[in-house]
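Trainee: quick one: sequence plus predicted model below, questions after.
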Amino acid sequence: MALSDAVVGNLTTIYVAVIAGIKAYGVVSGRSFGGFFVLLASTVVVCLILVLTLTWDLSRKAMYAVTSRDDAEVHESCKGGICWHGVAVRSSASRVRFRLPEQLGGTEMNCT
């Protein structure tokens, strides 16, 4: 949810910009808006921006979820009994190798 995250991250800046915009409109139009009206109008505008960006992000995510199932290629790589689901065959994760330490010269441990 990139867009709504950006809006939430800059909420104070957006709020101050909306208040400044309302005040600037008042100066240009020759009207004087009271503090309560500016507070109420800016809160409504900021809430509307939040709802619209959240709706936009959710609709894009839903669109991606619906269309990606039809067009997606599932990459599955299995080697030695370990399967990588959803990992591209040439990705670095599919080349991870685990090695056990070598035995030390055939010595056995005696626990007496």
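Mentor: Received the coordinates, thanks.

Trainee: what helix or strand is Phe31 on?
Mentor: Not quite, residue 31 is Arg, not Phe. Secondary structure from DSSP states H and E places Arg31 outside every helix and strand.

Trainee: so is Phe33 in a helix, a strand, or just coil?
Mentor: The three-state label given to Phe33 by DSSP: H, G, I helix; E, B strand; the rest coil is coil.

Trainee: distance of it relative to Leu3?
Mentor: Using C-beta to C-beta, to the nearest Å, one obtains 29 Å as the distance from Phe33 to Leu3. (Each C-beta comes from the backbone N, C-alpha and C, glycine too.)

Trainee: do the same with Ile49
Mentor: Noted for Ile49: a distance of 10 Å to Leu3, by C-beta to C-beta.

Trainee: the two: who's more crowded?
Mentor: For Ile49 and Leu3, the more surrounded residue by other C-beta atoms under 10 Å is Ile49, and the numbers stand at 16 against 13.
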